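> fold the stuff below for me.
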Amino acid sequence: MVPLSYHDFFSGCATIAGALIGLLFVAISVSPEKLTGDAARTDHQVRAGAAFSALVNTMVIALVALLPGADLGEASLILAAAGLATTVGLVLVLYREHGTVKRSDATMFLIMLVLYGLQLANGIKLGAAPRDVNAVDNQGVLAIGFFLFGIARAWQLVGARDFNLMSTMAAMIHRPGGAGPHPADGEQPGRADSAGQEGQ
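Here you go, the predicted structure:
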């Protein structure tokens, strides 16, 4: 049973997880051709699966924590085992398709294994002492870690190669504009063109 002092935190986690899952579906719908059909890319499918797995994991943990008398340790064990199995499955799918795993994908899988491994260990601890405040704290920290992981994968899905949001925004700001001349001295764009058309 989770102490009442954590209910607001897990309630917020459940809300955030639900919203992020919805946004993940939006991110997928932006480029559906990369995930479905003959032109589907396995790496995109794997990243979408990894993000979905992490966010669903966090949402279920948060909902279980809000149930009166629920066993958070047992839920953590089940979800961690499912997450580890999902990770292994994604590795096999990617390796079977390409015969190798890129460094970026290997890093992603390593992070997944670490997160789910820590959740498994914490679930065992919670099972032995359900009211252990430190174990509940650890579960909250893991929830934040899963959020960050899921967001990073969704960021990749929309085509952003750089995980650093600030550097990506800076690149967009410094991107050169159109090829046309910049209007000078308050001249409105298209004014010269309209004048020329009137003279013809």
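> in this protein, which ranges drop under the pLDDT threshold?
1, 31-40, 158-200 (pLDDT under 70).
> residue 4 versus the residue nearest to the spatial centre of the chain, what's the distance?
Relative to the mean C-alpha position of the chain, the nearest C-alpha, by CA atoms, centre = their mean, is the one of residue 150, at 2.0 Å. Residue 150 sits 27 Å away from residue 4, taking CB to CB, to the nearest Å as the criterion. All C-beta atoms are positioned from the backbone trio N, CA, C, and that covers glycine.
> touching, the residue nearest to the centre of the chain and residue 47? I think so.
No: at 10.3 Å, residue 150 does not count as touching residue 47 under the criterion of CB atoms under 8 Å.
> how about the helices of the chain, start to end?
Counting by DSSP state H, the segments of the chain that form helices are 7-30, 42-66, 72-98, 103-128, 133-157, 165-173, 191-199.
> which of those helices sits most buried?
By mean neighbour count, with neighbours taken as mean count of other CB atoms under 10 Å, helix 42-66 ranks first of the helices of the chain at a mean of 22.
> and that helix, how far from the chain's centre?
Averaging C-alpha coordinates over helix 42-66 and over its chain gives two centres that are 8 Å apart (CA atoms, centre = their mean, to the nearest Å).
> sweet, I'm off.
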